[in-house]
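Engineer: Give me coordinates for this.
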Amino acid sequence: MDTTDTQPARRTYDVVVIGGGPVGENVADRAAAAGLSAVIVERDLLGGECSYWACEPSKALLRPVVARADALRVPGLDRAVAGPLDAAAVLAHRDAMAAYWKDEDQVAWLESVGVDLVRGHGRLAGPRTVAVRTPEGDGVELTARHAVAVCTGTGAAVPDLPGLDAVRPWTSREATTADAVPGRLVVVGGGVVAVEMATAWQGLGSRVTMLVRGEGGLLRGMEPFAGDLVADHLREAGAELRFGASVASVTRTDGEVRVTLADGAELVADEILFATGRTPQTLDVGLETVGLTPGDWLHVDDDCRVSAVAGDWLYAVGDVNNRALLTHQGKYQARIAGAAIAARARGEAIDGTTWGAHTATADTVAVPQVVFTHPEIATVGLTAREAERTGRRVTVVDHDLSRLAGTHQYAVGYRGRARMIVDEDRGTVVGATFAGPGVAELLHSATVAVTGATPIDRLWHAVPAFPTISEVWLRLLESYRDRPVPVKAG
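Structural biologist: Below is the predicted model:
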């Protein structure tokens, strides 16, 4: 007779978090800081996609490529960096930045803030309940007194092409963790992952061909000049860009990838990367047990509560809610959600006002983003096209970044552009985009201006240091001041 106890172990916490990436870590941390007990359920490495397969390894690959491109335009330094990059050294540094795909440091941090960890696959099993299957096959049932937060993020979306699995294509994970430089790489897509990985691998020695559907250029959600500048530099680096290109079929024979396009053209490469979007990782987290559809995005209110579930207990934080698919924005949401969970647990009123303590207003007003290509792209708030769609009365102000003393110092032949969007009715900046080498560090000043709704008249008193690239703020303000203004008849 089998007397083995098959009942799952049962534990109760104030807050249960499914997913231990940066977002889940921050939700749990904020809950613990407020005096609540919290546990994270993670089936992979604690630290998530950003730490091991996205932000950290990708920027480790990109930094040497971009630094070399900048150095090639600095007199006295250009000859010293004229040779190829040491790809092996770059890949070794990438491994170190990804902590060699080990999470001991993350686990130690979690212990230091008083949050428990259960390793395994967690699924909702009804209201306030999470069932976990551990790697050893054991069951653990977690009950939440106050909140469950789904922080499972997204995975790469790949097209439905026959036999694609057999080709073993790269997604963002393989592109950031490959242990060798492919001689020839096809990149399918024109968004952030596509341009960053094309920049990195071209710089490390691959012959890159980009296949972009449509004729709208790269980085289509941003100002058009941003994508144009990135495209120019990719071509100058040796990459081939094909617009209006759609993949019809892909096969792998004798180690080579053969790509057939919809127009009949064929390409041969060593690897193919599909950077064609993201999909929510909600297919197997038990959504059906609370009346939701597996595989769907989890739509939330401004405090990150799932709006379709009653009871104020289910939250979806980070990429999984499709508000702003960026690590820093997900961590921002986690701080908001953690504060809201703690307030409800204490019976306190929720501050749901715009920019309130429990309102993720920045998700819709001031989302900052950097594309770490050469040149860098930095953007926050509205683009000109988005501002027009909202019906705002705006003025678009542009400035050529090459006309600054700071950019002359930065690099010979500097090319770049800045754009500021001014809401005429409010007299504030509602959007800014910078495209050029070294512009990433301009972004936070723009984010503060947009978030703080700083009046244009006050920005005149924020004096940029000379000679820096930040002097572009003065030039944008001067262009706004000196713009032609229609004179009313009368």
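Engineer: May I see the buried residues of stretch 234-244?
Structural biologist: For stretch 234-244, the neighbour count (16 or more other C-beta atoms under 10 Å) marks L234, A239, L241 as buried. (Glycine included, C-beta is placed from N, CA and C.)
Engineer: Could you do stretch 268-276 as well?
Structural biologist: The neighbour-count criterion (16+ other C-beta under 10 Å) identifies A269, D270, E271, I272, L273, F274, A275, T276 as the buried residues of stretch 268-276.
Engineer: any weak-confidence spans in the protein?
Structural biologist: Screening the chain residue by residue with the criterion pLDDT under 70, one finds the ranges 1-6, 487-490.
Engineer: rerun that using 80 as the cut-off
Structural biologist: Counting by pLDDT under 80, the chain has low-confidence residues at 1-7, 485-490.
Engineer: for it, which strand is longest?
Structural biologist: When the chain is scanned for its longest strand (criterion: DSSP state E), the result is strand 139-150.
Engineer: Find out how far that strand is from the centre of the chain, if you would.
Structural biologist: Remark: strand 139-150 is offset 28 Å from the chain centroid, using C-alpha atoms, centre = their mean, to the nearest Å.
Engineer: elements contacting it?
Structural biologist: Helices and strands in packing contact with strand 139-150 are listed as strand 9-18, helix 22-33, strand 121-124, strand 129-133, strand 314-316, helix 327-345; criterion 3 or more C-beta pairs under 8 Å, 6 or more residues apart in numbering; DSSP states H and E.
Engineer: Adjacent strands (with direction) for the third one?
Structural biologist: Strand 121-124 has these partner strands in its sheet, going by DSSP bridges: strand 129-133 (antiparallel).
Engineer: And for the strand it pairs with, what's in contact with it?
Structural biologist: Strand 129-133 is contacted by residues 8, 16, 18, 41, 118, 120-125, 139-144, 148, 286 when judged by C-beta atoms under 8 Å, 6 or more residues apart in numbering.
Engineer: residue ranges of the strands in the stretch 251-400 of the chain, please?
Structural biologist: Taking DSSP state E, counting those that start in this stretch to define them, one finds strands in the stretch 251-400 of the chain at 256-261, 266-269, 271-274, 278-280, 314-316, 369-371, 376-381, 394-400.
Engineer: D78 is nearest to which of these?
Structural biologist: When these are ranked by proximity to D78, the top entry is strand 376-381, at 19.8 Å, counting by C-beta to C-beta.
Engineer: For that closest one, C-alpha coordinates in CSV please.
Structural biologist: Output of strand 376-381 as CSV, limited to C-alpha atoms (Å, rounded to 0.1, in the frame of the first residue of the first chain):
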residue,chain,number,x,y,z
GLU,A,376,21.5,56.4,-30.1
ILE,A,377,17.8,57.2,-30.0
ALA,A,378,16.2,58.7,-26.9
THR,A,379,12.5,59.6,-26.7
VAL,A,380,9.9,60.4,-24.1
GLY,A,381,6.3,61.5,-24.4
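Engineer: ok, which stretches of the stretch 301-450 of the chain are helices?
Structural biologist: 327-345, 362-365, 384-390, 405-410, 443-451 (DSSP state H, counting those that start in this stretch).
Engineer: how about these, which one is nearest D78?
Structural biologist: helix 405-410 (13.6 Å).
Engineer: so how far is that closest one from its chain's centroid?
Structural biologist: The answer for helix 405-410 is 29 Å, by C-alpha atoms, centre = their mean.
Engineer: likewise stretch 62-80?
Structural biologist: In terms of C-alpha atoms, centre = their mean, the gap separating the centre of stretch 62-80 from the centre of its chain is 26 Å.
Engineer: Can you give me the first-to-last residue distance of that stretch?
Structural biologist: The first residue of stretch 62-80 is 19 Å away from its last residue (C-alpha to C-alpha, to the nearest Å).
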